[in-house]
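Engineer: coords below, sequence missing:
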């Protein structure tokens, strides 16, 4: 049953299995295990980023395609929900329509970019996505009439998902309100999407993708249409990324260029994929959990470190909490050299 | 025994289109200027825009040429190229701020001397950084595009953060040297002096670069290396050294471009390189990856079009470049002047 649910792709390492199980349990019972607004918020972000990073891994780890437009797709889903909720009024129909609309648009744009660039050379895709994504980000901040510009859009989600909605008193000291429902909506959808992606990569389609990643020339010679497969996986990845964006918008009840479209998120995704492990869906889980936790809690630690070296030249600046990206960047480069398979690959090797 | 038939064989003369074919990319530049002339109502604003478009194009060319050559020669795609622009700008502008007594003096000679000092310092710094970047970041990942993109992107993040550590997170404002402020009027059109200088420097650099590539021995080796590296190595040349040299030169040029761009915008930030990289990618793609001439033409096209469109419809400026890229890729999917590899 469990093996079937995981599409036959078991963790294949006891340590990895324990870690994954711990993450699953922690996320499934997060509101009860770690009560408090901030920790539930962290848990929701982890769920959403797992989906986002896994969808990116679909492209990078399985398709061998580097894209820098993943935040653009993410943002399309988020803005889809925000715009639909603003114009159609609050309600689940608006949320669903916005999410699906954003996802379809994202897939369509991915199709166009893919057709243009993947036909010629895979590396064009990286550059073209970078250019298109930045153009879209500028466009979103300029079209302030539609998108709210730099300020973004605040909107109202269905009443059942807000803290004002109560459906019971308390359970284990946790208030049963709409926020809890929203969390479980996000957790549930994320879990389903993740299992779906696991299914995709372990299907014959996923095997062909792996063959293309390893040797596209040979895959073409065997008779698979490489461009077709690459474009398909790009569209699928964009579609799921947009759904993740929709979840993020539902959780935050706000969208803005900085929160859903900025290049920083793209960098985060890259770090999560590479550190977790490219080419395995479980890498996304570990990478996302690790980095979101680090973002929320490591910065405080660096502040302590900066205080410890306060008297010395330059060092306090290096330890400044705002400079944590520097250390992550170093970690990123090192992990590409020394652990190209990431944490998951390492754990699986060492069994 | 008759002489050759006095009619000409029909094959000997190619059609107009065929003879024009190789020159089409170059002809695009006057074509786009003509488009500007038609679309922009007043002649004087057209002239102003054309000069600023050319200036912008020349600066983009200076920054992009290194990247395209590095790709052509060694098949290395450097996403971290933008960071050399930022570093160059920060080093150069810092020197200019130190030399404030020279830049504030109303003498052109002193101003130019200050700029020259800043440019040399910036080029030296980015050259050294490029050498280090090549050794530490790029060398271990030869031959793997995917890893190259990721690793150079990582390098970009690290160096960008180091800039913030050294210079602080705030943007730095700078005024252009005294003698280069303001504009001169020609035929009713105002042309900023600095832009004219940028056009001049860019044109000289292009000519020098073309001369080096076409007429000198090292240029011959580089061009042969682009076409067929293995053969050049078989002939006894150490292509690896040539490549490192080209990488350093390309980084230094990016540094030069960074100083010029910083003075053009009059403000510098650690992220400026990343922002310009978007234009550079567009230029490199439409020119044909690896081709210096294509890069030059592409840069001028992008610069001109961006300035014309920004005047006609400000919000469409960035989109116009994407549109240009799409149009050119539909016409020639490998870029305007594709690099032919003997493989």
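Structural biologist: Received, thanks. Everything numeric in this text was worked out from a predicted model, so none of it was measured.
Engineer: residue closest to the middle of the chain?
Structural biologist: Going with chain A. The centre of chain A sits closest to residue A:52, judged by C-alpha atoms, centre = their mean, with a distance of 2.0 Å.
Engineer: looking at chain B here, not the other one
Structural biologist: The centroid of chain B falls nearest to residue B:61 when counting by C-alpha atoms, centre = their mean (1.8 Å).
Engineer: Contact partners for that one?
Structural biologist: Contact analysis of residue B:61 by C-beta atoms under 8 Å, 6 or more residues apart in numbering or on different chains lists B:202, B:205-206, B:283, B:295-296, B:299-300. In short, each C-beta sits where N, CA and C put it, glycine included.
Engineer: any idea which of these is the one closest to chain A?
Structural biologist: Among the contacts of residue B:61, residue B:283 lies closest to chain A (C-beta to the nearest C-beta), at 10.3 Å.
Engineer: what element comes up after the worst-scoring helix or strand of chain A on mean pLDDT heading to the C-terminus?
Structural biologist: Sorted by mean pLDDT, DSSP states H and E, the helices and strands of chain A end with helix A:315-319, the least confident at a mean of 64. Counting by DSSP states H and E, the next helix or strand C-terminal to helix A:315-319 is helix A:324-338.
Engineer: model confidence over the helix or strand that that following helix is followed by, on average?
Structural biologist: Per DSSP H and E, helix A:324-338 leads on to helix A:342-349 as the next helix or strand towards the C-terminus. Helix A:342-349 shows a mean pLDDT of 81.
Engineer: Just give me the longest helix of chain B.
Structural biologist: helix B:43-74 (DSSP state H).
Engineer: re the thing from before, relative to residue B:87, how far out is the residue nearest to the centre of chain A?
Structural biologist: Remark: distance between residue A:52 and residue B:87 (C-beta to C-beta, to the nearest Å) = 32 Å.
Engineer: quick one: residue A:185 is in a helix?
Structural biologist: Yes. Under DSSP: H, G, I helix; E, B strand; the rest coil, residue A:185 sits within a helix.
Engineer: helix/strand/coil for residue B:170?
Structural biologist: The three-state assignment at residue B:170 reads coil, by three-state DSSP.
Engineer: gap between residue B:285 and chain A?
Structural biologist: Distance from residue B:285 to chain A, counting by C-beta to the nearest C-beta, to the nearest Å: 6 Å.
Engineer: before we move on, what about residue B:88?
Structural biologist: 20 Å.
Engineer: what helix or strand is that residue on?
Structural biologist: Per DSSP H and E: residue B:88 is located in helix B:81-98.
Engineer: Summarise which helices and strands the helix or strand following that helix is packed against.
Structural biologist: Moving toward the C-terminus from helix B:81-98, the next helix or strand (DSSP H and E) is helix B:100-103. On a contact count with 3 or more C-beta pairs under 8 Å, 6 or more residues apart in numbering or on different chains; DSSP states H and E, helix B:100-103 meets helix B:108-133.
Engineer: buried ones in the helix it packs on?
Structural biologist: Neighbour counts using 16 or more other C-beta atoms under 10 Å in any protein chain shown place B:110-111, B:113-115, B:117-123, B:125-127, B:129-131, B:133 of helix B:108-133 among the buried residues.
Engineer: That one close to chain A?
Structural biologist: No. Using C-beta under 8 Å from any C-beta of the partner chain, we find that helix B:108-133 stays clear of chain A, coming within 11.1 Å at best.
Engineer: what's the angle between that helix and helix B:81-98?
Structural biologist: 140 degrees (axes from the mean of the first three to the mean of the last three C-alpha atoms, to 10 degrees).
Engineer: Quick one: name whatever helix or strand follows helix B:108-133.
Structural biologist: Past helix B:108-133, the next helix or strand by DSSP H and E is helix B:145-167.
Engineer: where in chain B is pLDDT low?
Structural biologist: B:1-14, B:340-343 (pLDDT under 70).
Engineer: And for the stretch 1-150 of chain A?
Structural biologist: Applying pLDDT under 70 to the stretch 1-150 of chain A picks out residues A:120, A:122.
Engineer: Next up, the contacts around the nearest residue to residue B:271 once chain neighbours are set aside.
Structural biologist: Among residues not flanking residue B:271 along the chain, residue B:160 sits closest, at 6.9 Å (C-beta to C-beta, 6 or more residues apart in numbering or on different chains). By C-beta under 8 Å, 6+ apart, the contact set of residue B:160 is B:83, B:86, B:270-271, B:273-274.
Engineer: in what helix or strand does residue 35 lie?
Structural biologist: Using chain A here. Secondary structure assignment for residue A:35, by DSSP H and E: no helix or strand.
Engineer: Chain B, not that one
Structural biologist: In this structure, residue B:35 sits in helix B:24-39 according to DSSP H and E.
Engineer: what do you get for residue A:75?
Structural biologist: Here residue A:75 sits within helix A:70-88, counting by DSSP H and E.
Engineer: by contact count, what packs against the next helix-or-strand element following that helix?
Structural biologist: Using DSSP H and E, the helix or strand that follows helix A:70-88 towards the C-terminus is helix A:92-117. When contacts are defined as 3+ C-beta pairs under 8 Å, 6+ apart, helix A:92-117 packs onto helix A:70-88, helix A:122-142, helix A:226-252, helix B:317-331.
Engineer: which ones are touching the residue nearest to residue A:210 when sequence neighbours are not counted?
Structural biologist: Once flanking residues are discounted, residue A:210 sits nearest to residue A:62: 6.3 Å by C-beta to C-beta, 6+ apart. For residue A:62, the contact set (C-beta under 8 Å, 6+ apart) comprises A:201, A:206, A:209-210, A:213, A:233, A:279.
Engineer: just residue A:258 next, same as before
Structural biologist: With C-beta under 8 Å, 6+ apart, residue A:258 has these contacts: A:150, A:152.
Engineer: hang on, it is in a strand, isn't it?
Structural biologist: No. Counting by three-state DSSP, residue A:258 is located in no strand; its state is helix.
Engineer: do you know how far it is from residue A:140?
Structural biologist: Note on residue A:258: its distance to residue A:140, by C-beta to C-beta, is 11 Å.
Engineer: circling back: show me what the helix holding residue B:88 is packed against.
Structural biologist: So helix B:81-98, by 3+ C-beta pairs under 8 Å, 6+ apart, packs with helix B:43-74, helix B:108-133, helix B:145-167, strand B:172-173, helix B:239-265, strand B:267-268, helix B:272-287.
Engineer: Kindly compare burial across those and name the winner.
Structural biologist: Highest mean neighbour count of the helices and strands packed on helix B:81-98: helix B:272-287, a mean of 26 (counted as mean count of other C-beta atoms under 10 Å in any protein chain shown).
Engineer: now it against helix B:81-98, angle please.
Structural biologist: On the basis of the same axes, to 10 degrees, helix B:272-287 is oriented at 130 degrees to helix B:81-98.
Engineer: Go ahead and measure how far helix B:272-287 is from the middle of the chain.
Structural biologist: Distance, stretch centre to chain centre, for helix B:272-287: 9 Å (C-alpha atoms, centre = their mean, to the nearest Å).
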